[in-house]
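Engineer: Quick one: sequence plus predicted model below, questions after.
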Amino acid sequence: MTDEINIEQVQADFAKLQEELAVMTETAKRTLADFQNYKRRAEEDRGEIQVFANMRLLQAIFPVIDNLARAFETVPAELQNNEWLKGVQAIEKNLLGELEKLGLSVIAETGVPADPNKHEVVLQAPGPLDQVLQIFEKGYSFNGRTIRPAKVQVGSGE
């Protein structure tokens, strides 16, 4: 008995294998693209989680920063040159400097138009319309995103 090679059968098998290879190649390409998209989304999510965690930490620190500022505003005149007080003020300045390096910005400018993204208007008074006249509580932004609006008084246009 001789083995005959059926050319047509070999060609059909070869064509079928080529089709299967093309399907598997396309599946592999899609899987690789999906994986790359997953990695990109996971990295973005990690970044957002880090920003959110930093914002939560900063929001917890704001009352302490506010209280230090209030305390320094009410220091009796006889203690103004006290070395211990100067040391605590230097610590506060250092803390704020380090937070600024991380992306924290203070929102506390007067004489500018009130911006609902940066300011919470709590009072109006005679003055230029919608211009910030007074800051009651400093606001803060972190890497360009307002995390606590400044509480302000604005002009009523009178």
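Structural biologist: Arrived safely.

Engineer: Spell out for me which residue occupies the centre of the chain.
Structural biologist: Residue closest to the average C-alpha location in the chain (Cα atoms, centre = their mean): Val51, at 4.7 Å.

Engineer: what's downstream of the helix or strand where it lies, the next helix or strand?
Structural biologist: Using DSSP states H and E, the element containing Val51 is helix 7-73. Toward the C-terminus, helix 7-73 is succeeded by helix 83-101 as the next helix or strand (DSSP H and E).

Engineer: and the helix holding Val51, how far from the chain's centre?
Structural biologist: With Cα atoms, centre = their mean, to the nearest Å as the basis, helix 7-73 stands 18 Å off its chain's centre.

Engineer: Next: stretch 55-75.
Structural biologist: 20 Å.

Engineer: do stretch 125-145 as well
Structural biologist: The chain centre lies 21 Å from the centre of stretch 125-145; the measure is Cα atoms, centre = their mean.

Engineer: buried sites along it?
Structural biologist: Residues of stretch 125-145 classed as buried by neighbour count (16 or more other Cβ atoms under 10 Å): Gly127, Asp130, Gln131, Val132, Leu133, Ile135, Glu137, Lys138, Gly139, Tyr140, Ser141, Phe142. Every residue, glycine included, has its C-beta placed from N, CA and C.
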